[in-house]
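Colleague: Need a 3D model of the following:
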Amino acid sequence: MIRLAGMTSIFPDWTLDDGLAALKRYGYEGLEVRVEWGHKAGIEAGLSARDRAEIRKKVEDAGLTVCAIATGVHSAEGDDEKRAEHMEDLRRYIDLAADLGAGYVRTFGGQRPRDRELKYIVDYVVESYLSVLGQAAGRGVTVLMETHDDWSHSSEVRAVVEQANHANLRVLWDIMHPQRMMEKPEETFATIGHLTKHVHAHDGIYPKGGKHTEVVALGKGVFDHATPLRLLKQAGFDGYFSVEVIHNSGSEHDADGVLRQYAEAFRSMVKG
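Modeller: Numbering: from 1, shown residues only. The predicted model follows:
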């Protein structure tokens, strides 16, 4: 069953109570927490055990689940020492996820070194993930590598996951980014559909000049979300379609409008 979730990046200036109320109002079932950005919801790795328990209870009492922790961890960092620091961060986020009842932790590959062949980069990325996956398995958490940045081609993410060959490393399919790399959704699904455990949604357009993608309402952009939903539904996908629209803290934005529109468009696509 495909369920709807929303990330705290949609409403960075709302308290957790405000965010949960809005998610519930529009029929969301999951809350995805973006850590490291100082969102007013206040969920970070430094929380005490008591605070974690209270937050988990508050979310569950609202009828929702913390479905994922979205981190800025980069597994392909070229400097060994810096990459080790990312893995230490990941360990803390694995514990945070477990304490909040979240089954997944999102990671990025990040920018790849330009002086090494991809095969050798995949080797050390796999080694880095394997250093934390025992802990993830022990705590009932799956680490996800996202189709994003230098790893937007789904085949490259698949290479990492298959080489690691560990049940607690899987894929987060960000629907937009493989399409930015000219992959058709059918191609992406054929490559990583069986490895996908979580999905990120944010439609967009290419502004004049094509320099940067601009996020727009779901179904109003150039990125096909309906086909991935159909393919995942047919395959029996059991996970979350999580809205990752990013608003900067203190900026002018319509968080309520985004939550409402994405929920309406999601339901229309799922029924179709």
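Colleague: residues making contact with the top strand by length along the chain?
Modeller: Assignment by DSSP state E gives strand 65-74 as the longest strand of the chain. Residues from elsewhere that reach strand 65-74, judged by CB atoms under 8 Å, 6 or more residues apart in numbering: 3, 5, 7, 9, 29-36, 55-56, 59, 83, 86-87, 89-90, 93, 96-97, 100-111, 144, 198, 240, 242, 244. C-beta coordinates here come from the backbone N, C-alpha and C atoms, glycine included.
Colleague: Which helix or strand lies directly C-terminal to it?
Modeller: helix 80-100 (DSSP states H and E).
Colleague: Following the chain past that following helix, name the next helix or strand.
Modeller: strand 104-108.
Colleague: residues of the very next helix or strand once past that next one that come out buried?
Modeller: Going down the chain from strand 104-108, the next helix or strand is helix 118-138, by DSSP H and E. Buried residues in helix 118-138, counted by 16 or more other CB atoms under 10 Å: 121, 122, 124, 125, 126, 128, 129, 132, 133, 135, 136, 137.
Colleague: between helix 118-138 and helix 80-100, how big is the angle?
Modeller: 30 degrees (axes from the mean of the first three to the mean of the last three CA atoms, to 10 degrees).
Colleague: Would you mind getting the angle between helix 118-138 and strand 104-108?
Modeller: 160 degrees.
Colleague: where's helix 118-138 relative to the chain centroid, distance-wise?
Modeller: Put simply, helix 118-138 sits 18 Å off its chain's centre (CA atoms, centre = their mean, to the nearest Å).
Colleague: by contact count, what packs against that helix?
Modeller: Packing partners of helix 118-138 (3 or more CB pairs under 8 Å, 6 or more residues apart in numbering; DSSP states H and E): helix 80-100, strand 142-146, helix 154-164, strand 169-174.
Colleague: Give me the residues contacting that helix.
Modeller: Here helix 118-138 has contacts from 75-76, 83-84, 86-87, 90-91, 94, 105, 109, 112-113, 142-143, 145, 156, 159-160, 163-164, 166-169, using CB under 8 Å, 6+ apart.
Colleague: in its sheet, what does the lowest-mean-pLDDT helix or strand in the chain sit against?
Modeller: Least confident element among the helices and strands of the chain, by mean pLDDT, DSSP states H and E: strand 214-215 (a mean of 94). As defined by DSSP bridges, the strand partners of strand 214-215 come to strand 204-205 (antiparallel).
Colleague: So which residues make contact with the partner strand?
Modeller: So strand 204-205 is contacted by 176, 213, 214, 215, 216, 220, 221, 222, 223 (CB under 8 Å, 6+ apart).
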